[in-house]
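return atomic coordinates for the entry below.
(chains A and B)
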Amino acid sequence: MRHIISVLLENEAGALSRVAGLFSARAYNIESLTVAPTEDASLSRMTVITSGSDDVVEQITKQLNKLIEVVKVVDLSEAAHIERELMLIKVRAAGKDREEMKRMSDIFRGRIIDVTDGTYTIELTGTGAKLDAFLEALDKSVILETVRTGASGIARGERVLRA
Amino acid sequence: MELTGAEISGAEIVVRSLQEEGVDCIFGYPGGAVLWIYDELFKQDKVKHILVRHEQAAAHAADGYSRASKKVGVCLVTSGPGVTNAVTGIATAYMDSLPMVSISGQVPTYAIGEDAFQECDAVGITRPCVKHNFLVKAVEDIAPTMKKAFHIARSGRPGPVLVDIPKDITAAKCVFEYPKTVSLRSYNPVTKGHPGQIKKAAQLLLEAKRPMVYSGGGVVLGNASAQLRKLVQTLGVPCTNTLMGLGAYPATDKQFLGMLGMHGTYQANMAMQHSDVLIAIGARFDDRVIGDPKHFGSVARKIIHIDIDPSSISKRVKVDVPIVGDVGDVIDDLLKALESAKEKQDAKALKAWWAQIEEWRSKDCLRYDHKAAIIKPQFVVEKLWEITKGDAFVTSDVGQHQMWAAQFYKFDQPRRWINSGGLGTMGFGLPAAMGTQLANPGATVACVTGESSIQMCLQELSTCKQYRLPIKIINLNNRYMGMVRQWQQFFHGNRYSESYMNALPDFVKLAEGYGHSGMRIEDPKDVEPALREAFARKDDLIFMDFLTDQTENVYPMVPGGKGITEMILAEEL
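Purely as a prediction, here's the structure:
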């Protein structure tokens, strides 16, 4: 099953490679991994999307907790949560495609953030599934380039993850 | 806080930090990146430095020193090949959870990343085989980093920590003050067990009809041998130890069923499988212990698991009552809970359980041919046990000799049996024996090895000469990588691919070449007198080359991937 795990860790050189190394050394899956410092510059917040049986995910959280630089680990998928991913996509937008691209972008609540005579660059935020749906909706031949951040997650309601 | 006082060099801070940690002995090998540190070692005499002949041995010796002394082992190596050579030793300590601090030199900070001479990414290379590691980037950070390194190495589930220090940092200066305390917001191991869980455990143990205690290396590392004995004796239940746990419960006691696992005794494996309440203490149900977890789980039983490391619990086997905490503390609390519990043990069921166990025990699964005309390796270990009165420190390498030492040397005390259980590192025995002897001057130290393993760190005979370490090397020489040969015999149609040790040296002459004495023993009747003679020579290293039966196998044996009761037993003799 797919799990979204949030990790609060010391913002130190090498902390990211410890997490990445753990996943490869123990043959755990990583679908995506995002990390950046928090409002407290001494901490980083990481979101890992992984998949595995309950036993495997239990081991993943235990092994993450064992890393010295990891402060806290939460499996967000255990309760209500929100996840968002950002995608930047450059598409061909010339001639009759130009109007159609604008319309598609609007339908998915995308924003066109760069324009040339022949291209649009669209910014799109949402769950991974929404971004996938947008890509599905486009004719493959118009897609020039995509870049995705991987999902970031946060719990709904009063639940917080702090040091 | 502003520090005042005289500024000293980073190298001196390293050495002063070691002194502050009470380190009296380190193992190392100098080189370019650690020259300043060696310069400071030269100027003092509180920290003794043992010069090994290869960095792998520095790590193994520090590891052995730790195993035999409860202290943190320390090794010091240079950058590049110095640290890569030490990796096998660090990984060995990691797999067996030994507290160790490895200090490695690094090229100067300004040269890092430029493919400088003797540069390697020490922190990157060791990351998967250390509990934690550090690259020190400023001289002011050395003392706090050393403090953290020792704290992390020895607390919680212990493990090796590497501190990588660039050369320019060891030459730079700052004021030295060693931190008195250390606190890490991200690292606070739980030591006290959950009272509710402990109560549940007590209840299960009292209700059990076929209870069993299975304890591992955690009891040795946690110095909880006394508590384990009390628990087993209070309950009057059978106890087995893993390879790493030998000595935690006295092997000569009636309640001890011997080691369990791939080469465990028949009674230990059978009792493990057929128990209805199993309490695992500082053990981790690894593949060499319970074999196939599906087979193990095919019988219904309740499992209580005490371990300091939450990730060891329910990793291979689902447990019913997990208790995270220091094994000694938890057993103390468990004993109290047992005392205050209302339930009484089912004496009748326990009696029947013991009758069953005695029937299994009567199979005498470790028997071997005592009348053979050729030396049986088991016989050598049995005699070793007799002659050293069961009181020696015994180190081993890896293979058949290791298993025979574990089966036939009856360890009654913890920290006497020193072997590489997790990583299974050939070459461990001799350097570990050096560390053991240095931690216990005057004690009897035997290294049980084989002609293949001993050659992997043979150069250390020179270190032994330099520091007059009177280790007794018991070389069970069967001219084969015996365990490889055994597997090839059992599972690869007797095709002994590359497992024969051709062109062996004359070990007697070799020992003499290093300034030691050697003996070659070929006849079973000479085994005992030779051992007596060797162990009477308290001040000398004696290399005893026993020519043993080439065809002997280790029994019982659970083939890889099988269940623990699917044992191959010795043929009827």
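
for whichever strand or helix holds B:L205, C-alpha coordinates in CSV please.
B:L205 is part of helix B:195-207, with elements assigned from DSSP states H and E. Coordinates of each C-alpha in helix B:195-207 appear next as CSV, following Å, rounded to 0.1, in the frame of the first residue of the first chain:
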residue,chain,number,x,y,z
PRO,B,195,5.1,-1.3,33.1
GLY,B,196,1.9,-2.5,31.5
GLN,B,197,3.8,-4.7,29.0
ILE,B,198,6.0,-6.1,31.8
LYS,B,199,2.9,-7.1,33.7
LYS,B,200,1.5,-8.8,30.7
ALA,B,201,4.8,-10.6,30.2
ALA,B,202,4.9,-11.8,33.8
GLN,B,203,1.3,-13.1,33.4
LEU,B,204,2.2,-15.0,30.2
LEU,B,205,5.2,-16.6,31.8
LEU,B,206,3.3,-17.8,34.8
GLU,B,207,0.5,-19.2,32.7
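
off-centre distance for that helix?
Its chain's average C-alpha position is 31 Å from that of helix B:195-207, according to C-alpha atoms, centre = their mean, to the nearest Å.

which residues touch the residue of chain A found nearest chain B?
Distance from chain B to each residue of chain A (C-beta to the nearest C-beta) is smallest for A:K62, at 3.8 Å. The C-beta positions use only the backbone N, C-alpha and C, and glycine is treated the same way. Applying C-beta atoms under 8 Å, 6 or more residues apart in numbering or on different chains, one finds that A:K62 lies in contact with B:P310, B:S311.

ok, it to B:D540 distance?
As defined by C-beta to C-beta, to the nearest Å, A:K62 lies at a distance of 50 Å from B:D540.

just confirm A:V74 is within a helix.
No - secondary structure assignment places A:V74 outside any helix; it is strand (DSSP: H, G, I helix; E, B strand; the rest coil).

where does it land on pLDDT?
Reading off the confidence values, A:V74 has pLDDT 96.

check the one 5 residues further on too.
pLDDT recorded at A:A79 is 95.

number of nearby residues for the residue nearest to it when sequence neighbours are not counted?
Excluding the flanking residues, the one nearest A:A79 by C-beta to C-beta, 6 or more residues apart in numbering or on different chains is A:A155, at 6.3 Å. Around A:A155 sit 16 other residues, with neighbours defined as other C-beta atoms under 10 Å in any protein chain shown.

ramachandran coordinates for A:A155?
Backbone torsions for A:A155, taken as degrees, to the nearest 10, come to phi -80, psi 150.

give me the beta-bridge partners of it?
Each beta-bridge partner of A:A155 is listed here, defined by DSSP bridges: A:H81.

likewise B:V161?
According to DSSP bridges, B:V101, B:H132 are recorded as the beta-bridge partners of B:V161.

for it, which residues are in contact?
When the contact criterion is C-beta under 8 Å, 6+ apart, the partners of B:V161 are B:M100, B:V101, B:S102, B:V130, B:K131, B:H132, B:N133, B:F134, B:A149, B:F150, B:I152, B:A153.

mind checking how far the first one is from chain A?
Right, the one you point to is B:M100. When distance is defined by C-beta to the nearest C-beta, to the nearest Å, B:M100 is 15 Å away from chain A.

how about B:K209, what does it touch?
Taking C-beta under 8 Å, 6+ apart as the criterion, B:K209 is in contact with B:D276, B:D346, B:A349, B:L350, B:A352, B:W353.

that older thread, among the contacts of B:V161, which one has the most neighbours?
When the contacts of B:V161 are compared by neighbour count (other C-beta under 10 Å), B:S102 ends up highest, at 32 neighbours.

does that residue touch B:T88 like I think?
No - between B:S102 and B:T88 there is no contact under C-beta atoms under 8 Å: 11.9 Å.

looking at this, the residue of chain A closest to chain B is in a strand?
No - using three-state DSSP, the secondary structure at A:K62 is helix, not a strand.

residue of the stretch 151-300 of chain B nearest chain A, please.
Among residues of the stretch 151-300 of chain B, the one nearest chain A by C-beta to the nearest C-beta turns out to be B:S186. It sits 4.3 Å away.

what about that residue, which SS state?
The three-state label for B:S186, taken from three-state DSSP, comes out as coil.

now it: how far from A:S42?
Here the criterion is C-beta to C-beta. By it, B:S186 lies 11 Å from A:S42.

what does B:E382 give?
Note on B:E382: its distance to A:S42, by C-beta to C-beta, is 59 Å.

show me which of the two is the more surrounded one.
A side-by-side neighbour count of B:E382 and A:S42, using other C-beta under 10 Å, places B:E382 first with 21 against 12.

quick check: closest non-adjacent residue to the more buried one.
Counting by C-beta to C-beta, 6+ apart, B:F408 is the residue found nearest to B:E382 once chain neighbours are left out, at 5.1 Å.

and the one you found, how many neighbours?
When neighbours are counted by other C-beta under 10 Å, B:F408 comes out with 20.

wait, it touches B:V381, no?
Yes - applying C-beta under 8 Å, one finds B:F408 in contact with B:V381, separated by 3.9 Å.

I'd like the contacts of B:V161 as CSV, with pLDDT appended.
Output for these, formatted as CSV (pLDDT from 0 to 100):
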residue, pLDDT
B:M100, 98
B:V101, 98
B:S102, 98
B:V130, 98
B:K131, 98
B:H132, 98
B:N133, 98
B:F134, 98
B:A149, 98
B:F150, 98
B:I152, 98
B:A153, 98
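
tell me which element the closest residue in space to the residue of the stretch 151-300 of chain B closest to chain A that isn't next to it in sequence falls in.
Nearest in space to B:S186, with sequence neighbours left out and distances taken as C-beta to C-beta, 6+ apart, is A:V71 at 4.3 Å. With the criterion set as DSSP H and E, the secondary-structure element containing A:V71 is strand A:70-75.

and what of B:K509?
For B:K509, the element it lies in under DSSP H and E is helix B:507-513.

you'd agree A:I112 is in a strand?
Yes - counting by three-state DSSP, A:I112 is part of a strand.

give the contact list for the residue nearest to B:S186.
Contacts of A:V71 by C-beta under 8 Å, 6+ apart are A:L8, A:L9, A:E10, A:L43, A:A163, B:R185, B:S186.

buried among the residues you listed? Make that a PyMOL selection.
Here is the PyMOL command that picks out the buried ones among these, judged by 16 or more other C-beta atoms under 10 Å in any protein chain shown:
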select buried, (chain A and resi 8+9+10+43) or (chain B and resi 186)
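
B:Q233: which of the contacts of A:V71 is nearest?
Each of the contacts of A:V71 was checked against B:Q233 using C-beta to C-beta; the closest is B:S186, at 40.1 Å.

now do the contacts for the closest one.
Contact analysis of B:S186 by C-beta under 8 Å, 6+ apart lists A:L9, A:E10, A:I68, A:E69, A:V70, A:V71.

and those as a markdown table, adding pLDDT?
Written out in a markdown table, the entries for those read as follows (pLDDT from 0 to 100):
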| residue | pLDDT |
| --- | --- |
| A:L9 | 97 |
| A:E10 | 96 |
| A:I68 | 96 |
| A:E69 | 96 |
| A:V70 | 97 |
| A:V71 | 97 |
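
that older thread, pull out the buried positions in whichever helix or strand comes after the helix holding B:L205.
Following the chain from helix B:195-207 toward its C-terminal end, the next helix or strand by DSSP H and E is strand B:211-215. By neighbour count on 16+ other C-beta under 10 Å, the buried set for strand B:211-215 is B:P211, B:M212, B:V213, B:Y214, B:S215.
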